[in-house]
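>>> A structural model of the following input is requested.
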Amino acid sequence: MSAATTAPPTVSATSAITERPQGRRRPQRPSFWRHRTLYLMALPGIAYFLVFKYAPMGGLVIAFQDYLPFLGIGGSPWVGFDHFVRFFTEDTFLLLLRNTITISLLLLVFAFPVPIILALLLNEVRTRAFKRSVQTVIYLPHFMSWVIVVSIFYVLLSTDGGAVNNIIVEAGGSPVPFLTDPDWLRPMYVFQEIWKGAGWGTIVYLAAMTAVDVQLYEAAELDGAGRMRQTWHITLPAIRPTIIVMFILAIGDFLELGFEHMFLVMNSLNRQVGDIFDTYVYTAGIQNGQLSYAAAVGFFKGLVGLVLVIMANRLAKRFGEEGVY
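I've put the predicted structure just below:
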């Protein structure tokens, strides 16, 4: 018998691998269980939004009713869109819309960029102790209530012994009625918003800056770029997605200026330029007892905010950004 007939058949490595029985793969755990710690950390925030944001939405149904507390939601008569028609046809609607839009635009133009600028300045500080000290000082106003903030400015700006007016008088000028002059209400409102919230707003942008690769700065420095060029060409493009997301969220609150702040700085002398949707809801709903009418005004604000967020998000995606969703 020849060697050709007795030689065993050769098996290639590929066929041997394919013919080898494969063991059972270990089943992967569900994503929820693998990230259970993160979900547990997010649970308080989720509960907050469910209880205080989503659950109260069921009460918006009274905007289409003539709600009477002793009859409840189920027993109150339906009036359809009567409250909305009344709101849009009243003379105060244009006044409230003008005041709200004006103040919101002022906040977007002047207050929104301040945290970004502060974050860029803090990012350039190399002395860690000094940087932390400055951060602590600018964070403090955020933890003060609006009652304290407005009270501080009242003491400083009052015409009767206020520190600012005392300086003006000592310089030969006349006292300025900052607290009662309608021309000063909006600048004072915007400045208080900046003073209270700008420091806290830097946290998001500083966190985004930590993700920037340090080698980019080193390469730019070797190419002769100074700190301004590094900020313009490296830092700002790196935090641009964060800026866009924060801007979209700010657009969503365009008509939601908040009741407490404006209620504290507004008085009978400057009400013409300070009355906004939030203060009007308080006046109509709480003081006058028109709960359904106030709910219709609040429903209008929320609907406008939703539309603005959707439009801003689509516009951001059209320009190649990620957006909020």
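>>> what residues are up against the nearest residue to Arg314 once chain neighbours are set aside?
Excluding its sequence neighbours, the residue lying closest to Arg314 (C-beta to C-beta, 6 or more residues apart in numbering) is Gly323, at 7.7 Å. For every residue, glycine as well, the C-beta is placed using N, CA and C. Residues in contact with Gly323, defined by C-beta atoms under 8 Å, 6 or more residues apart in numbering, are 244-245, 248, 313-314, 316-317.
>>> Make a markdown table from those and add secondary structure and distance to Thr202 to it.
Shown next, in a markdown table, are those (DSSP: H, G, I helix; E, B strand; the rest coil; distance: C-beta to C-beta, whole Å):
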| residue | secondary structure | distance to Thr202 |
| --- | --- | --- |
| Ile244 | helix | 17 |
| Val245 | helix | 15 |
| Ile248 | helix | 19 |
| Asn313 | helix | 24 |
| Arg314 | helix | 28 |
| Ala316 | helix | 22 |
| Lys317 | helix | 27 |
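>>> which one of those sits closest to Ile103?
Of all the contacts of Gly323, Ile248 has the smallest distance to Ile103: 19.3 Å, by C-beta to C-beta.
>>> didn't that closest one look like it was pressed against Glu321?
No - with contact defined as C-beta atoms under 8 Å, Ile248 does not count as touching Glu321 (9.4 Å).
>>> These two - which one has more neighbours?
Legend: neighbour count by other C-beta atoms under 10 Å for Ile248 and Glu321, higher for Ile248 (21 against 16).
>>> Now that one: closest residue in space that isn't a chain neighbour?
With C-beta to C-beta, 6+ apart, the residue lying closest to Ile248 is Ala312, at 4.6 Å.
>>> wouldn't the one you found be in contact with Leu249 here?
No - using C-beta under 8 Å, Ala312 makes no contact with Leu249, being 9.1 Å away.
>>> ok, these two, which is more surrounded?
Neighbours were counted for Ala312 and for Leu249 using other C-beta under 10 Å; Ala312 has more, 20 against 12.
>>> Just say helix, strand or coil for the more buried one.
helix (DSSP: H, G, I helix; E, B strand; the rest coil).
>>> give the contact list for it.
Neighbour list for Ala312: 247-248, 251-252 [criterion: C-beta under 8 Å, 6+ apart].
>>> what about 10 Å?
Contacts were defined as C-beta atoms under 10 Å, 6 or more residues apart in numbering; by that measure Ala312 touches 244, 247-252, 254, 323-324.
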